[in-house]
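**Q** okay, here's the prediction I keep looking at, along with the sequence it came from:
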Amino acid sequence: MKKLTLILILFLLLPAFGWTQKIDFDKKLKDLGIELYAPTPAMGSYVKVVRSGNLLFFAGHGPTRADNTHIQGKVGKDLTLEQGREAAKQTGIALLSTLKAEVGDLNKVKRIVKVMGMVNCTDTFTDQPKVINGFSDLMVSVFGEKGKHARSAVGMYMLPSNIAVEIEMIVEVED
Amino acid sequence: MKKLTLILILFLLLPAFGWTQKIDFDKKLKDLGIELYAPTPAMGSYVKVVRSGNLLFFAGHGPTRADNTHIQGKVGKDLTLEQGREAAKQTGIALLSTLKAEVGDLNKVKRIVKVMGMVNCTDTFTDQPKVINGFSDLMVSVFGEKGKHARSAVGMYMLPSNIAVEIEMIVEVED
Amino acid sequence: MKKLTLILILFLLLPAFGWTQKIDFDKKLKDLGIELYAPTPAMGSYVKVVRSGNLLFFAGHGPTRADNTHIQGKVGKDLTLEQGREAAKQTGIALLSTLKAEVGDLNKVKRIVKVMGMVNCTDTFTDQPKVINGFSDLMVSVFGEKGKHARSAVGMYMLPSNIAVEIEMIVEVED
């Protein structure tokens, strides 16, 4: 009995020694019904992510599917709020795909730091935060506390190829 | 007389040894007529500030008052330039409130580094810089040289809840 | 013959020892037909660049000429795609001018890290990436691999003084 208690205490203390359990992200993503894909080509003369120190700076990504088609249209006119939220989630999948291709193992992610969420919408649509929640909720589902980020959500006049959402982010990774 | 000169020289040299006078920010803010408040809830699934290394990345903040109401409307139609400038100043107070809650002592601020100022305006309004000056002038009043930042000021089609201004910033703090 | 091979091998190994050839940027810019100028004044209460650690955070710059006039108008109405691209290139020259004034020697640039390209356009114009390529292609012409950056390109409702393009960037520099 004493031995068992000791083992339990040691187990609970492990995180204090810098030990953290590796997450099986392949399984986690599958459980969430998320399928990552090989990053699609950039839309212009740029790269999709650049590392500087421990920070990854991501290019603006759109709601791009594995076949390089996009969810298009203005939220509040062509798309409903719910469809906008789906577009933001798809943009999250696009960003996760680029992230995974960059770091290999998603366990290297220390924090989703900063997000800029841009919604292609009408000038009477004021629920940009609810749209971008489609992205933010995904990040928290995947990374838990590490997925919680600072964020701006704004309404854009027009986005490239009339995509519904464009999101860029800054991610801190391990050395 | 010699002794006095020596003391004066030593006093002038103090900053060279890393000594800097602590500012009484409570007094300074009071003198400026600025009242900080407990940060209001985020508008969506995000947090208001994330630290990475020595940098604080702030979520986009709006011209939110202590009672969680906002200055709303489009500058150039619903609001005058001067009212827009006031909204930018109020947004600065919201950001300072989050900053104070995060760092405790504003003396820890080394530099307001980068600011993105977004103005909800008409498509004939071209004085976004004058609007965002309401924020920037506040930062310089509070922090002096450390308050001077790189900045973008742009005109947005629509912002969440029709707020007049949304501003995000990056702040460098001490270790 | 053996001696020559040895010299050749040593030469090819030099980069592995941290040795890199200094580029004559004055010549390179001249060859590209690019003329930098003394930075023009900021459009408001801000500074044009702030350094934090190894990162330079640039204020939003416009397509400003050496005489402080700007390329103005909306792409898709007042300006063609090609004129928009020229405006993005001119904005690149403005940013390079600020960068050069800040670091002195452009050899200190390690990487153009992140770019936000904002195009003043109509709500039917969807070629923002092609416009901002005018900036991005310039950076790659000047810095080669180091000029490749992560980027967002978006369509704005209005920009200060009706400038055609506004671009901000983050640049990593040597210690």
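**A** That came through fine.
**Q** what is the helix or strand that contains A:E166 packed up against?
**A** For A:E166, the host element (DSSP states H and E) is strand A:165-173. Counting contacts by 3 or more CB pairs under 8 Å, 6 or more residues apart in numbering or on different chains; DSSP states H and E, strand A:165-173 is packed against strand A:55-58, helix A:81-103, strand A:109-120, helix A:128-143, strand C:150-156. All C-beta spots, glycine's among them, are computed from the backbone N, C-alpha and C.
**Q** can you tell me which of these is most buried?
**A** Highest mean neighbour count of those: strand C:150-156, a mean of 27 (counted as mean count of other CB atoms under 10 Å in any protein chain shown).
**Q** okay if I get the helices and strands packed on strand A:165-173 as CSV plus mean pLDDT?
**A** Shown next, in CSV, are those (pLDDT from 0 to 100):
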stretch, mean pLDDT
strand A:55-58, 98
helix A:81-103, 98
strand A:109-120, 98
helix A:128-143, 98
strand C:150-156, 98
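**Q** got JSON lines for the ones you listed, with distance to chain B too?
**A** JSON lines is the format used below for the helices and strands packed on strand A:165-173 (distance: least, CB to the nearest CB, whole Å):
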{"stretch": "strand A:55-58", "distance to chain B": "7"}
{"stretch": "helix A:81-103", "distance to chain B": "11"}
{"stretch": "strand A:109-120", "distance to chain B": "4"}
{"stretch": "helix A:128-143", "distance to chain B": "4"}
{"stretch": "strand C:150-156", "distance to chain B": "6"}
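**Q** tell me which residues touch A:D26, please.
**A** Applying CB atoms under 8 Å, 6 or more residues apart in numbering or on different chains, we find A:D26 in contact with no residue.
**Q** got a pLDDT number for it?
**A** Note for A:D26: predicted pLDDT of 96.
**Q** do the same with the one 3 residues further on
**A** In the prediction, the pLDDT value recorded for A:L29 is 98.
**Q** likewise the one 3 residues further on?
**A** Turning to A:L32, the model gives it a pLDDT of 97.
**Q** A:L6 and B:R85: what is the separation?
**A** 65 Å (CB to CB, to the nearest Å).
**Q** now do A:I163
**A** A:I163 is 33 Å from B:R85, where distance means CB to CB.
**Q** just A:A150 next, same as before
**A** The value you get for A:A150 to B:R85, if CB to CB is used, is 25 Å.
**Q** and what of A:L8?
**A** Remark: distance between A:L8 and B:R85 (CB to CB) = 60 Å.
**Q** same check, this time on A:K28
**A** Distance, A:K28 to B:R85, using CB to CB: 48 Å.
**Q** circling back: a markdown table please, covering the helices and strands packed on strand A:165-173 and showing distance to B:L95.
**A** Putting the helices and strands packed on strand A:165-173 into a markdown table (distance: least, CB to CB, whole Å) gives the following:
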| stretch | distance to B:L95 |
| --- | --- |
| strand A:55-58 | 21 |
| helix A:81-103 | 25 |
| strand A:109-120 | 14 |
| helix A:128-143 | 17 |
| strand C:150-156 | 22 |
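**Q** closest to C:D67 out of these?
**A** strand C:150-156 (24.6 Å; CB to CB).
**Q** helices or strands up against the closest one?
**A** Secondary elements touching strand C:150-156 (3+ CB pairs under 8 Å, 6+ apart): strand A:109-120, strand A:150-156, strand A:165-173, strand B:150-156, strand C:109-120, helix C:128-143.
**Q** now those in JSON lines, with distance to B:L55?
**A** Listed next are these as JSON lines, based on distance: least, CB to CB, whole Å:
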{"stretch": "strand A:109-120", "distance to B:L55": "9"}
{"stretch": "strand A:150-156", "distance to B:L55": "11"}
{"stretch": "strand A:165-173", "distance to B:L55": "10"}
{"stretch": "strand B:150-156", "distance to B:L55": "13"}
{"stretch": "strand C:109-120", "distance to B:L55": "14"}
{"stretch": "helix C:128-143", "distance to B:L55": "24"}
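**Q** which one of the ones you listed lies closest to C:L13?
**A** Nearest to C:L13, of all these, is strand C:109-120, at 21.4 Å by CB to CB.
**Q** neighbouring strands - and their directions - for that closest one?
**A** strand C:150-156 (parallel), strand C:165-173 (antiparallel) (DSSP bridges).
**Q** okay, the angle between that strand and helix C:128-143?
**A** 150 degrees (axes from the mean of the first three to the mean of the last three CA atoms, to 10 degrees).
**Q** indicate which one of the strands paired with strand C:109-120 is closest to B:R51.
**A** Closest to B:R51 of these, according to CB to CB: strand C:165-173, at 17.8 Å.
**Q** now that closest one - C-alpha only, PDB.
**A** Extracted as PDB, the C-alpha positions of strand C:165-173 are listed here (Å, rounded to 0.1, in the frame of the first residue of the first chain):
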ATOM      1  CA  VAL C 165      -0.900  49.900 -51.100                       C
ATOM      2  CA  GLU C 166       0.300  49.700 -47.500                       C
ATOM      3  CA  ILE C 167       2.800  47.000 -46.500                       C
ATOM      4  CA  GLU C 168       4.400  46.200 -43.100                       C
ATOM      5  CA  MET C 169       7.100  43.700 -42.500                       C
ATOM      6  CA  ILE C 170       9.200  41.900 -39.900                       C
ATOM      7  CA  VAL C 171      12.900  41.400 -40.700                       C
ATOM      8  CA  GLU C 172      15.500  39.300 -38.800                       C
ATOM      9  CA  VAL C 173      18.900  40.900 -38.500                       C
END
